[in-house]
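In: return a 3D structure for these sequence lines:
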Amino acid sequence: MDAAAFRFVLVVIAVLVALAIYLYGLHQSKLRRRSAIDSFTRDEIDTAFGEDEALRDELQNLNQILREDELDEGVDDIEINPGRDVQTTPFSLPDPEIFLHPSIAGRDADRLVSYHLRHEDFRLITGEEADDAVRQAGLETNVEGLLECREDGLIAFRIASLSAPGDFSAIENLDFSTLGFNCFIDLDDCEDPCRAYETLLKKVDELVRLLNVKVYRPDQQLLTISDVTAVRDKLA
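Out: Now for the predicted structure:
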């Protein structure tokens, strides 16, 4: 073999060796890449699996809570006794019965001018409150226990209690109380009804301020200016 042929053989062998080294390196790179991808995928899958397990546990807890809430709501929605709703509403007492003194009970309404002084919520007036107001208003107690307002020696109007027994004879007792004052004019026993009515209006206004009460007609409607005007026209 001459020198030229020998060199050619060496070049071919070198090329083959270089090609083999290149292919081997390429193969190793693929293996490493595949190994890295497989490793990353397994880690990611493991992590995702762990997250899924935690999420599954949370969902189970949430479902349990929702089921309990639905159970409680379902129990509340059951209406076995239709009267149950009535028991849950605020209980209100009926208005107390207003007492009319025998001297005016059954009398013809056209022959009386009568106004009730009381609290809107029917709260009782204590004996101390009533006694203090009576003294400041200058009212007197007659033999029947009714309060009287006099003007120039004449009786303008009387006041009965709206609670039994209807008088103020025990007003100074500690246990005395009343629903209110029933101020009235007996037109059959009044010499000057017009003057008596004006006196009544002035004293009623004074008692309203002293007791912090409101004025009602006998039908328990609030007294209005038109009501006052109508009475003035009637008595004129």
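In: which stretches of the chain form strands?
Out: Remark: strands assigned in the chain by DSSP state E are 112-118, 125-126, 140-141, 147-151, 154-161, 177-178, 180-186, 214-216.
In: looking at the ones you listed, which is buried most?
Out: Among the strands of the chain, ranked by average contacts under mean count of other Cβ atoms under 10 Å, first place goes to strand 180-186 (a mean of 24). All C-beta spots, glycine's among them, are computed from the backbone N, C-alpha and C.
In: tell me the mean pLDDT over that strand?
Out: In this model, strand 180-186 has an average pLDDT of 96.
In: and the angle from it to strand 112-118?
Out: 170 degrees (axes from the mean of the first three to the mean of the last three Cα atoms, to 10 degrees).
In: strand 180-186 vs strand 147-151, what angle?
Out: Using the same axes, to 10 degrees: strand 180-186 against strand 147-151 is 50 degrees.
In: dump strand 180-186 to PDB, restricted to CA.
Out: Provided in PDB are the C-alpha atoms of strand 180-186 (Å, rounded to 0.1, in the frame of the first residue of the first chain):
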ATOM      1  CA  GLY A 180    -105.300  59.200  84.000                       C
ATOM      2  CA  PHE A 181    -107.600  62.100  84.700                       C
ATOM      3  CA  ASN A 182    -111.200  62.300  83.400                       C
ATOM      4  CA  CYS A 183    -112.000  66.100  83.300                       C
ATOM      5  CA  PHE A 184    -115.700  66.700  82.800                       C
ATOM      6  CA  ILE A 185    -118.400  69.400  83.000                       C
ATOM      7  CA  ASP A 186    -121.900  68.400  84.000                       C
END
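In: next one: it to chain centre, how far?
Out: Relative to the centre of its chain, strand 180-186 is centred 37 Å away, using Cα atoms, centre = their mean, to the nearest Å.
In: show me the domain layout of the chain.
Out: 1-92, 109-235 (automatic domain parsing).
In: most tightly packed of these?
Out: domain 109-235 (a mean of 16).
In: distance across that domain, terminal residue to terminal residue?
Out: 14 Å (Cα to Cα, to the nearest Å).
In: centre of the chain to it, how far?
Out: 35 Å.
In: so what's residue 96 closest to, chain neighbours aside?
Out: residue 122 (5.4 Å; Cβ to Cβ, 6 or more residues apart in numbering).
In: quick one: closest of the strands of the chain to residue 198.
Out: Smallest distance to residue 198 across these (Cβ to Cβ): 8.8 Å, for strand 154-161.
In: other SSEs contacting the closest one?
Out: Strand 154-161 sits against strand 147-151, strand 180-186, helix 193-211, with contacts defined as 3 or more Cβ pairs under 8 Å, 6 or more residues apart in numbering; DSSP states H and E.
In: quick one on the thing from earlier: between the strands of the chain, which one is closest to residue 8.
Out: strand 214-216 (132.1 Å).
In: give me the contact list for the closest one.
Out: Here strand 214-216 makes contact (Cβ atoms under 8 Å, 6 or more residues apart in numbering) with 115, 116, 117, 118, 119, 120, 204, 208, 222, 223.
In: now the residues you listed as a markdown table including distance to residue 133 and pLDDT?
Out: Converted to a markdown table, those look like this (distance: Cβ to Cβ, whole Å; pLDDT from 0 to 100):
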| residue | distance to residue 133 | pLDDT |
| --- | --- | --- |
| 115 | 15 | 96 |
| 116 | 15 | 97 |
| 117 | 9 | 97 |
| 118 | 13 | 97 |
| 119 | 13 | 96 |
| 120 | 17 | 95 |
| 204 | 12 | 96 |
| 208 | 10 | 96 |
| 222 | 20 | 96 |
| 223 | 18 | 95 |
